[in-house]
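Q: just the structure for this:
(one chain, ligands or ions: 1)
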Amino acid sequence: MGKSVKCLANMFSDIYQKSTKIFIVGHDEPDYDAIASAIGLSELCQNVGIESYIIVNDNDIELEPGVKQIIDKEKDRCNIINLDRFEELMDNTASLITTDTNNQGLVSVRDYLEEFKDILIIDHHDESARTIDTDKKHIDLDSSSASEIVTNLLNSFKVKYSKDTANYLLSGIRLDTKRFKKNTSANTYDAVKKLLHRGADVDYVEDLFASEIDVDKDISLLIHDDHNTRIVEYGDPNFDRDNILLKGYNVSFTLNRTDPMKEYKKVVLAQTADRMIGFRTLDASFVLSYVNPNTICISGRSKGKIDVGEIMRHMDGGGGIRSAACRIENPEDIFEVEKELMQQIEWGLPKEDAKQLVKKPRKV
Ligand SMILES: [Mn+2]
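A: Model (predicted):
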């Protein structure tokens with residue numbers, strides 16, 4: 001049994017009663033779980049009669065097509081706004097609900113957190129040093145998704161939410177459970193049952209996920225064309241000191257080398273880097289492509305020995321040790337960016353080893 005929904009319901013009641021409006025925000029580049037749970041919360045706010053807004057501050061191009069489709073459809077009904085509009089509407093009687101994240105680095109309103117009257121966190125991810133500071137937290141690691149939590153919250157308020165909202169929430173659960181295979185509990189199936197009662201339609205959800213097939217195709221083609229990936233060995237494999245056995249680090253660089261101008265969605269880069277780091281011999285993987293004619297994005301992953309966050313920060317991006325990204329506006333060309341990236345890797349290596357660098361490019 002997860003954390004008590006009753007307790008969450010009380011926190012929600014407390015927050016809306018003392019606020020004049022509520023802003024709802026998921027993590028940047030929202031997925032189905034983030035946007036669905038935000039829309040569910042918007043319906044709850046409408047039901048109890050408080051003004052509410054969902055903030056999504058990502059460019060259309062960065063959104064997954066299915067997520068964009070939902071946002072376009074619900075823009076008016078759920079007051080979906082960007083950060084500029086938020087700045088106009090914000091005042092000190094407003095409160096914030098974050099959903100599907102508790103990390104201040106991942107919310108578009110990160111610079112305004114001090115200014116809210118109160119903040120409620122609804123999430124199913126673990127806390128960290130970056131967790132937003134508030135005493136109203138419903139962080140339930142036993143729930144499959146934020147959508148599962150919000151479904152239970154809607155039910156506890158007996159909200160007759162729309163069929164569309166039921167569809168989105170079912171999509172959120174489907175995403176985070178990898179099609180109902182992972183992280184599910186009896187509660188998850190209870191929530192699914194309630195969503196089906198509200199009219200959720202499995203065919204709608206499957207159609208929404210159909211766009212994932214194109215993403216999978218792009219990933220497969222990037223990975224399986226041998227030309228696309230180069231592996232560079234950093235560190236001297238023969239170098240052996242008394243206490244440090246330095247065997248070298250293998251880093252992969254993947255990009256479409258036959259059609260370097262081809263644009264990919266950021267989700268393709270991220271998932272390709274995820275797949276590459278799965279290879280046993282690699283310590284870090286990077287995937288680069290244009291995301292529009294003027295912008296190149298890089299996604300980096302590491303097994304933990306190389307700090308890809310540090311490398312990406314050197315290229316004006318950011319992230320953690322194991323997962324990071326950056327974007328480069330108006331680049332000369334993608335091969336130059338790759339060259340610069342290869343040079344920056346030295347910064348990400350442990351200091352001792354960086355001194356001993358011998359770079360040996362070789363093909364896969
Ligand atoms: Mn989630």
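Q: residue contacts, the residue in the stretch 201-350 of the chain that the ion sits nearest to?
A: At 14.7 Å from the ion, residue 267 is the closest residue in the stretch 201-350 of the chain, using C-beta to the ion. All C-beta spots, glycine's among them, are computed from the backbone N, C-alpha and C. Applying C-beta atoms under 8 Å, 6 or more residues apart in numbering to residue 267 gives the contacts 64, 215.
Q: tell me the secondary structure at it.
A: helix (DSSP: H, G, I helix; E, B strand; the rest coil).
Q: and the one 4 residues further on, by the same measure?
A: The three-state label for residue 271, taken from three-state DSSP, comes out as helix.
Q: got the contact list for it?
A: 215, 219.
Q: so where is the stretch 251-364 of the chain shaky, pLDDT-wise?
A: Applying pLDDT under 70 to the stretch 251-364 of the chain flags the ranges 347-364.
Q: how about a cut-off of 90?
A: 265-267, 304-307, 309-310, 318-321, 323, 343-364 (pLDDT under 90).
Q: ok, which stretches of it are strands?
A: 284-292, 295-302, 318-319, 323-329, 360-363 (DSSP state E, counting those that start in this stretch).
Q: which secondary structure elements does the lengthiest helix in the chain contact?
A: Of all segments of type helix in the chain, defined using DSSP state H, the longest is helix 32-48. Helices and strands touching helix 32-48, by 3 or more C-beta pairs under 8 Å, 6 or more residues apart in numbering; DSSP states H and E, are helix 5-17, strand 21-25, strand 51-55, helix 65-74, strand 94-99, helix 146-156, helix 163-176.
Q: buried sites along that helix?
A: Of all the residues in helix 32-48, those buried under the rule 16 or more other C-beta atoms under 10 Å are 32-46.
Q: near the ion too, which of those residues?
A: Here is what survives when the buried residues of helix 32-48 are matched to the ion using C-beta under 5 Å from the ion: residue 33.
Q: return the member of the buried residues of helix 32-48 nearest to residue 13.
A: residue 44 (10.6 Å; C-beta to C-beta).
Q: of the helices and strands packed on helix 32-48, which approaches residue 88 most closely?
A: Nearest to residue 88 among these is strand 51-55 (10.7 Å), distances taken as C-beta to C-beta.
Q: can you list the strands that the closest one pairs with?
A: Strand 51-55 has the following strand partners under DSSP bridges: strand 21-25 (parallel), strand 80-81 (parallel).
Q: now do that strand: distance to the chain's middle.
A: 20 Å (C-alpha atoms, centre = their mean, to the nearest Å).
Q: between it and helix 5-17, what angle do the directions make?
A: 110 degrees (axes from the mean of the first three to the mean of the last three C-alpha atoms, to 10 degrees).
Q: avg pLDDT for strand 51-55?
A: Here strand 51-55 scores 98 as its mean pLDDT.
Q: host element of residue 184?
A: Using DSSP states H and E, residue 184 sits within no helix or strand.
Q: distance of it from the ion?
A: According to C-beta to the ion, to the nearest Å, residue 184 and the ion sit 13 Å apart.
Q: what's the answer for residue 80, then?
A: Taking C-beta to the ion, one finds residue 80 at 18 Å from the ion.
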